[in-house]
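**Student:** Structure for the following, please:
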Amino acid sequence: MKLRAEQILESAGIRPTPNRLIVMRQLMGSECPLGLVELEQTIDTLDKSSIFRVLNLFLSSHIVHAVEDGRGYTKYELCHSGSDHSDDDQHPHFYCRVCQRTICLHDIEIPDLTLGEGYKLESVNFMLKGVCPDCAGK
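**Tutor:** Okay, the predicted model is just below:
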């Protein structure tokens with residue numbers, strides 16, 4: 001069952017204001033993580049600072065997570081873990097150096113990592129870089 005933007009926000013305890021719904025719908029409609037600049041370009045009714053505030057609220061409520069793309073920029077995508085305490089849907093991403101897209105690789109698992117004593121893992125950014133199939137075929 002596909003959730004609506006309002007349902008996602010309300011289940012996270014966030015009031016579904018027009019700005020929040022606009023940003024949520026953009027993220028829901030994207031097949032890949034989106035950066036602040038990309039969101040600003042597609043949402044002409046909101047300025048960068050408004051979009052940034054909404055993204056920070058979504059991050060703190062664990063309904064989106066941030067991933068650093070292959071160029072050092074932050075991209076955002078919906079969390080699918082359904083938990084406000086963890087992000088169980090972590091997956092690798094692929095950055096294409098030709099088209100500069102960041103692509104989710106949902107079918108590849110991140111390997112279990114064993115850290116030394118005293119380390120507490122808080123997040124994983126598993127980024128592969130190269131040329132995507134679309135660009136390689138050109």
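
**Student:** residue ranges for the helices of the chain, please.
**Tutor:** Secondary structure of the chain (DSSP state H): helices at 5-11, 18-28, 36-42, 48-60, 133-136.

**Student:** Can you give me every residue that contacts Asp47?
**Tutor:** Glu40 (CB atoms under 8 Å, 6 or more residues apart in numbering). All C-beta atoms are positioned from the backbone trio N, CA, C, and that covers glycine.

**Student:** Give the bridge partners for the residue nearest the centre of the chain, please.
**Tutor:** Centroid check for the chain by CA atoms, centre = their mean gives Glu77 as the closest residue, at 1.9 Å. In this entry, Glu77 is beta-bridged to His65, by DSSP bridges.

**Student:** roughly how far apart are it and Gly130?
**Tutor:** Per CB to CB, to the nearest Å, Glu77 is found 20 Å from Gly130.

**Student:** Likewise for Phe94?
**Tutor:** From Phe94 across to Gly130, the span is 7 Å (CB to CB).

**Student:** Please identify which of the two sits among more neighbours.
**Tutor:** Phe94 (21 against 12; other CB atoms under 10 Å).
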